[in-house]
Every structure is written in structure tokens, then in C-alpha cells.
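just a sequence and a predicted model for now, questions to come.
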Amino acid sequence: MKRTQSGLFIALFLAFAFTSCVSQKKYKESLSREQSLLDQNTKLNDEVVRLRSQVDNLQKDNARLIAQIDEALKKYSQASGQANLTQKQLEAEQKRLLELRRLLQQQGEAVENLRKKMADALVGFNSNELSVFTKNGRVYVSMQESLLFPSGSAVVNEKGKAALQTVAQALNNNPDINVVVEGHTDSIPIRKTYEDNWALSVARATSIVRLLTNTYAVDPTRVTASGRSYFEPVESNSTPEGRQKNRRTEIILAPKLDQILQLLEQTKTMSEAGTN
């Protein structure tokens, strides 16, 4: 009986010990697996953190690149717009220059036609008394003192009035012509009626302007009177012949330049804008 109990006790002990060993082994294995899972989880967490950091960096880089692209596109758009503006300016400038060329050509033709009309109208006067020519884009009707005035006087004689009436008729038929009446003398000082040669040259010019406007109905807003004394001679004042030619009154005719001046001003303004 004792032997049997002893055997049973040993059997139970061995069974418990075996069970205990198995449980301990499983426990350790469980701990090991758990630790491994913890380690893997830690690694995964670290990887997630790293990947999130990369994503953040990529997002930042992406935003930076997008911003750079947007800036580049903006600059390109601005440059393109400026290029288009410049092209438009060039086209407008070319158009204005072509129009200016046309107007200048038209003016040249008008000046030549006016010269012919004046020359034809005044054909009955002697060439040593009156001449018609063009200079600097204007028509000059140059009348000698002998045709218009007694020596030292600003009172127009009858022959001079006839010449001025003919000029006035041509002017009234061409209303777009501006008129400058310019008096000239020789260098011999005036000793009688007038203070000096300036006064005589201006008096002769204003005398002719009064006839043109008051008597022959030329629009006074078109006419200017001026005197140059002896400071713009056509010949030397050292000879009687030269002084005779210098004693003259010139009626200077010029087509109105309003359109041309306007185009020139526009061209100047665009040029300054392009420079700025």
C-alpha cells in the first residue's frame, strides 16, 4: 500500500513538474513572442514616423516647387504681356510713322502746288521786283522795296497794292495756309521817320498785313507781322546792288501743320514711355 502511494505521489509529482515545465516554456515563448511583437511594433512606429516626415518634407518641397512654378509662370506672363505691349507699341509707332510720311508727302505736294499757283497769279510782275520760291517747306513771295514802298516809307504804293490783292485772292482760295509777313531792310541807318531799321521793317510788315486783312479780307487769325531789320540779308550790304536786294518784304506761306505736330508729339510720348 505504501509502495503504491509512493508511486502515485511520484507520478503526480512528475506530472506536475512536467506540466510546470511545459507551462514555463510556453510562458517564456509567449513572452518572447510578445517582446518580438513589441519590437516590431516599435520599428513599425518608427517607420511610420519616418515616412510621415518624408511626406511632410515632400509636401513642403511640393509646395515650394509649386510656388516656384507659379512665380515662373507669373514672370513669364508679365514678360509675355510686356512683349505684347512692346509689339503693339511698335505697330502703333509704325502706323504713326507711315501716317506722318503720308502727311509730309502731302504737305510737300501742297507747298509745290501753292508755289505754282502763286507764280502763275503773279506772272505779270517783273522778276527783279518779285520772286516766288520754296524754302524749308514753305512758299516765299519776296517783293522788293521798289514794288511796294517809296524809299524809307511804309506806305504801300498802287503797284504794290495790285500785287498784294493778287496774293490775297490766292490766300482766300487756300484757307489752310498760315501767313507770315516779314519786313527786311539794308544796313543803312534810318534818319527820318523811324527810330531805326527795326521800326521800319516792322512798320512795313504791319502795313501789308492791314491791307491783306482789312482791305482784301484775309482772315487775320492766319496772319503774323514781323520785322527782321537788316539781320537776315540775301546779299552783302557792302554794295548798292546787294542793299537793294536786301530791302524787301517776304510773304511766307506755310500749310498748317496741326496733324503733323500731333503725330510728332504722339511719337515722342511713346518713345519716352518705352525708354522708361
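Nice, I can see it. The model shown is predicted, which means the values in this text are computed figures rather than measured ones.

contacts, neighbours, all on C-alpha from now
OK.

how about stretch 219-228 as CSV, C-alpha atoms only?
Output of stretch 219-228 as CSV, limited to C-alpha atoms (Å, rounded to 0.1, in the frame of the first residue of the first chain):
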residue,chain,number,x,y,z
ASP,A,219,-8.6,136.0,-92.1
PRO,A,220,-6.4,137.9,-89.6
THR,A,221,-6.1,134.8,-87.4
ARG,A,222,-3.9,133.3,-90.1
VAL,A,223,-1.6,136.3,-90.4
THR,A,224,1.5,137.3,-88.4
ALA,A,225,3.6,140.5,-88.9
SER,A,226,7.3,140.6,-88.1
GLY,A,227,10.4,142.6,-88.8
ARG,A,228,14.0,141.4,-89.2
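
now it: buried residues?
Neighbour counts over stretch 219-228 (16 or more other C-alpha atoms under 10 Å) mark D219, R222, V223, T224, A225, S226, G227, R228 as buried.

I'd guessed the first one sits against L211; true?
Same thing as D219. No. Counting by C-alpha atoms under 8 Å, L211 is not a contact partner of D219; they are 11.5 Å apart.

how much space is there between S142 and L104?
Between S142 and L104 the computed distance is 24 Å (C-alpha to C-alpha, to the nearest Å).

of those two, who's got more company?
Neighbours were counted for S142 and for L104 using other C-alpha atoms under 10 Å; S142 has more, 19 against 16.

phi and psi next, for the more buried one.
When quoted as degrees, to the nearest 10, the phi and psi of S142 stand at phi -100, psi 120.

who's it bridged to?
Assessed by DSSP bridges, S142 has beta-bridge partners S131, E250.

correct me, but it touches R248?
Yes. Shown here, S142 and R248 form a contact pair, counting by C-alpha under 8 Å, at 6.7 Å.

a helix runs through V139, doesn't it?
No. Counting by DSSP: H, G, I helix; E, B strand; the rest coil, one finds V139 to be strand, located in no helix.

roughly how far apart are Q106 and G137?
Using C-alpha to C-alpha, Q106 is found at 11 Å from G137.
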